[in-house]
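[1] Output the structure for:
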Amino acid sequence: MRTSPRPFHPIPPGNLLRRELDARGWTQTEFAEIIGRPIQTVNEIIKGKKAITAPTARLLSQVLGTTAEYWLNLQAAYELDKLPAAASAFERRAAIGAVVPLKELQRRGWIESTDDVDRLERKVCEFLGVQSLSEQPKPALAARKSRVYLAAQQSAILAWASRATQLARRKKVRGFSTARFKKAVADMPRLSASSQGTRRIPEVLGDLGIRFVIVEHLRKTYVDGATFWLDRRSPVVALSLRYDRVDNFWFTLMHELAHVLQGYRTQGFIDDYLVGKDAAQTEDKPEIEQEADHLASEWLVPRGTLAAFIAANHPYYSKEVVEAFAREISVHPGIVVGRLQNMGKMPYANLRGLLTKVREHFS
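    Numbers count the residues shown, from 1 in each chain. Presented below is the predicted three-dimensional model:
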């Protein structure tokens, strides 16, 4: 990464010397005679081909009424200005660190560690899929505007998305068909009923033409999932497992699949604060996110069915009752518990044993 080019050309001290001669009506020959130097020397100084030395600076000061330091400073500034405007290794590393959380990416092995700044810059550009660090990485993911991000958070989110893109490009999946996906998506939650079914998620989604990847979230970010397209026929669903609970996993997954169904193929969505104790309320979200929330909830536990279950059992939900209802609708009982807790129908301390972890299924 280089600093921006200077908006001017360095001015040779000879240009100022020419102006001094013109102001006095002296020719170069006359001036050479006055200072006792060859005409060629004066000509080369004026053209910038010869530097002003300390003895010459003293002569100029005596004849022109200036100081020797004046001419030496002009010459030094000119020589410095002619040097390449390259940033130092320290400045370049600092600039790279402003684009990505470098230390964390190197610690995870996403970017190799090297003392060669040129090589490091190339590796970061390759990681982000850009030609230069000033270029915006793709795909562009639209974070909700209601959240205020620090620059460090934004760079970490882009790095997370870039890693998800890398992993997605390595996957081989079947061609995507919107019609086939529409028929299959509502049945996806049935896979939650067993560990074997959960492990099949990458395979099932791949058969539908969807690349499914898991990328652990980076520090200072709160990303739960994202949906984007490698091209108009290649959707990607990425999850972070920020909260390793079966209910959070399945809600995030179905929310991202709702984004696939919405069909915004030139726009990506990044969903942070989607689940967990710090989750944003559905009514506070943009309309497109509200729609994704509603679709995910309906696919997991249909509203009418859940309402009937609540009417028959509230406020007492035993483990046996919840498990029986979950078997009836073919989902993991932890999904039912999560839904009841989210609705305020069950304390968060209840039936926590049903909120199993899922990370182990994707190790």
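
[2] Could you give the backbone dihedrals for the residue lying closest to Leu120 once chain neighbours are set aside?
    The shortest distance from Leu120 to any non-neighbouring residue, by C-beta to C-beta, 6 or more residues apart in numbering, is to Thr114 (5.2 Å). In short, each C-beta sits where N, CA and C put it, glycine included. Taking degrees, to the nearest 10, you get phi -160, psi 150 for the backbone angles of Thr114.

[3] can I assume Thr114 is in contact with Glu121?
    No - Thr114 lies out of contact with Glu121 (C-beta atoms under 8 Å); the separation is 10.0 Å.

[4] Need the per-residue pLDDT for the residue nearest to Leu120.
    pLDDT recorded at Thr114 is 92.

[5] what's around it, how many residues?
    12 (other C-beta atoms under 10 Å).

[6] do Thr27 as well
    12.

[7] And the pLDDT for it?
    Confidence score, pLDDT, at Thr27: 94.

[8] cool, and Leu102?
    So Leu102 comes in at 94 (pLDDT).

[9] Next: Ala140.
    So Ala140 comes in at 48 (pLDDT).

[10] same question, Glu135
    So Glu135 comes in at 74 (pLDDT).

[11] so it sits in a helix?
    No - counting by DSSP: H, G, I helix; E, B strand; the rest coil, Glu135 is not found in a helix; it is coil.

[12] residues near it, how many?
    11.

[13] Next, work out how far apart the residue nearest to Gln262 when sequence neighbours are not counted and Leu295 are.
    Using C-beta to C-beta, 6+ apart and skipping residues adjacent in sequence, the residue nearest Gln262 is Ile288, 6.6 Å away. Ile288 sits 11 Å away from Leu295, going by C-beta to C-beta, to the nearest Å.

[14] what does Leu80 give?
    Taken as C-beta to C-beta, the span from Leu80 to Leu295 is 63 Å.

[15] and the two? which has more neighbours close in?
    Leu295 (19 against 9).

[16] Next, work out how far apart the more buried one and Leu16 are.
    73 Å.

[17] tell me the SS of Cys11?
    Slight slip there: residue 11 is Ile, not Cys. coil.

[18] ok, now Val236?
    strand.

[19] Make 2 the starting number, not 1.
    With the count now opening at 2, the last piece we talked about shows up as Val237.

[20] got the contact list for it?
    Counting by C-beta atoms under 8 Å, 6 or more residues apart in numbering, Val237 touches Ala165, Thr166, Ala169, Ile211, Arg212, Phe213, Val214, Ala227, Thr228, Phe229, Trp230, Leu231.

[21] Filter those down to the buried ones.
    Ala165, Thr166, Ala169, Ile211, Arg212, Phe213, Val214, Ala227, Thr228, Phe229, Trp230 (16 or more other C-beta atoms under 10 Å).

[22] With respect to Ser62, which of those residues is nearest?
    Nearest to Ser62 among the buried ones among the contacts of Val237 is Thr166, at 63.9 Å by C-beta to C-beta.

[23] got a list of contacts for the helix or strand containing that closest one?
    Under the criterion of DSSP states H and E, Thr166 resides in helix 152-171. Applying C-beta under 8 Å, 6+ apart, the external contacts of helix 152-171 come out as 99-102, 105-106, 111, 128-130, 138, 140, 142, 144, 150, 212, 214, 216, 218-222, 224, 227, 229, 231, 235, 237, 239, 241, 269, 271, 273.

[24] same thing but 6 Å
    Contact with helix 152-171 is made by 100-102, 111, 128-129, 138, 142, 212, 214, 216, 219, 221-222, 224, 237, 239, as judged by C-beta atoms under 6 Å, 6 or more residues apart in numbering.

[25] Name the residues of it that are buried.
    154, 156-167, 169.

[26] what about it, average pLDDT?
    Across helix 152-171, the per-residue pLDDT values average to 88.

[27] again with stretch 220-237
    Rounded mean pLDDT across stretch 220-237 is 93.

[28] how near is Asn249 to Gly339?
    In terms of C-beta to C-beta, Asn249 sits 7 Å off from Gly339.

[29] contacting residues around the biggest strand by length in the chain?
    For the chain, the longest strand by residue count, based on DSSP state E, is strand 224-230. By C-beta under 6 Å, 6+ apart, the residues outside strand 224-230 that reach it are 140, 142, 161, 218, 236-241, 243, 253, 257, 260-261, 266, 269-273, 275-276.

[30] Show me just the buried residues among these.
    140, 142, 161, 218, 236-241, 243, 253, 257, 260-261, 269-273, 275-276.

[31] so who does His218 touch?
    Val224, Ser241, Arg243.

[32] Dump these into CSV; add distance to Lys183 as well.
    Converted to CSV, these look like this (distance: C-beta to C-beta, whole Å):
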residue, distance to Lys183
Val224, 27
Ser241, 26
Arg243, 29
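
[33] hang on, the earlier thing: distance to Ala55 added to the buried ones among the contacts of Val237, as a markdown table?
    Conversion of the buried ones among the contacts of Val237 to a markdown table gives the following (distance: C-beta to C-beta, whole Å):
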| residue | distance to Ala55 |
| --- | --- |
| Ala165 | 62 |
| Thr166 | 60 |
| Ala169 | 65 |
| Ile211 | 74 |
| Arg212 | 69 |
| Phe213 | 72 |
| Val214 | 67 |
| Ala227 | 65 |
| Thr228 | 69 |
| Phe229 | 64 |
| Trp230 | 67 |
